[in-house]
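Colleague: output the structure for:
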Amino acid sequence: MTLIEAETLEALERDHGIALAPGDSRRNIVTRGVALNHLVNPVDVPEAPPQVLVFDLDDTLVRWQAAVRGAVQRLAAVVPVDREAFAQAVHRAWYGRAGDIWTGRMDLEEVTREATAAVAAGLGVTEEEAARLYRRYVGYVDELVVPYEDVEALRALAAGYRLGVATNGIGAVQRRKLDRAGLADLFAFVVVSAEVAAAKPDPAFYQAVRRIAGAPPGDIVVVGNHVARDLLPALAVGMRAVWLRRADDEPQEAAWSGPVITSLFELEAALRAMP
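Modeller: This is a model prediction of the structure:
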C-alpha cells in the first residue's frame, strides 16, 4: 500500500503539468494535511572504511622535543655555554618566525642565519663562534631524532591502507627525519607545510593534503598527538581523526571526544571501531 500526500499531487500538476487522480491506483491512499515523510524510516548507510591514513611527524612518529632538549644538554656537556640562554635563542629564531618558516616564506638558510645571530646575541659570542655552536647543536638533534618503538605497526597497516605524512616544517628538514628514522619507504606521499604554503592548524593545509592524497576527505583518517593543531582542522575539512596520546605530550588545551589511542599498535582496532 502506498501513502501519497494530496499536496504532492497538486505540486506535481502545478510545477510539471502532470495530473494524477487520487484513485488512479486502488492501492494508493491519499492524505491531506498529514505529513508522511517522517513515517519513512531512513536507511542507515554505514560510512565507508578509510582508505588513507595520514600521520603527523614530530612527536607522533619521531621523538622531536626530546631530541631538541637532549641536543642542548649534549652541547652544554662538551662546550661551556649557558644551556638556558642557548635554548631560548634557538627557540626565538624558530618559533618567533614560525608562521613565515612553516609556510615557506623563510628558507632553511635564512633560518640558520637568524638562529646564528640569536645565539651570538644571547650568549655574547662572535658570529663565527655562534655558527660553530649552532652547527654542532643541529648535528646532535639529527642524531637524537629517533622513531617511537610502535612505528613498527605501520608496516602491517601499509598492507591495507595508503599511508602519508602531513607535517609542519621545511621540506628538507622533515624528509631528513624520515630518512634517518628509516621510515621514508612506508609512505606514498609526504606533505610539508612550507611546500604547500599553508600550515597546521589552518584547514587549508588539510585541503592540500586531500588534493595530494587524491582521496575524498571522508576516506582519510588523520593521526596526530596534538588535538588543536593536528586533529580539529582535519575534522573541519571532513576528514576523520584519531588522537595518539603520547606519554611525553604536553597537556592539551583543546577538548577531544573522538577516538584515542596510546600506541600505534592500537590503531587498527580503533579504525575498525569507527562508525
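Colleague: residue 248 against residue 66, yeah?
Modeller: Yes: Residue 248 is within contact range of residue 66, at 6.7 Å (criterion: Cβ atoms under 8 Å). From N, CA and C alone the C-beta is placed, and that goes for glycine too.
Colleague: higher neighbour count, the two?
Modeller: Shown here are residue 248 and residue 66; by other Cβ atoms under 10 Å, residue 66 has more neighbours (14 against 10).
Colleague: avg pLDDT for the host helix or strand of that one?
Modeller: Taking DSSP states H and E as the definition, residue 66 sits inside helix 65-78. The pLDDT scores in helix 65-78 average 96.
Colleague: helix 65-78 and the helix or strand that that helix is followed by, what's the angle between them?
Modeller: Sequence-wise, the next helix or strand downstream of helix 65-78 (DSSP H and E) is helix 83-95. With axes from the mean of the first three to the mean of the last three Cα atoms, to 10 degrees defining the directions, helix 83-95 sits at 140 degrees from helix 65-78.
Colleague: change the start of the numbering to 66 and stick with it
Modeller: Sure, I'll start numbering at 66, so the last one becomes helix 148-160.
Colleague: what sits up against the helix or strand just after helix 148-160?
Modeller: Using DSSP H and E, the next helix or strand after helix 148-160 towards the C-terminus is helix 163-167. Contacts to helix 163-167, defined as Cβ atoms under 8 Å, 6 or more residues apart in numbering, come from residues 159, 170, 171, 176, 233, 234, 235, 258, 259, 264.
Colleague: at 10 Å instead, please
Modeller: 158-160, 170-173, 175-176, 179, 232-235, 238, 257-259, 262-265, 267, 270 (Cβ atoms under 10 Å, 6 or more residues apart in numbering).
Colleague: before we move on, the earlier item: mutual contacts of residue 313 and residue 131, please.
Modeller: residue 124.
Colleague: residue contacts, residue 249?
Modeller: Listed by Cβ under 10 Å, 6+ apart, the contact set of residue 249 reads 230, 240, 241, 242, 243, 255.
Colleague: ok, it to residue 255 distance?
Modeller: Separation of residue 249 from residue 255 (Cβ to Cβ, to the nearest Å) stands at 8 Å.
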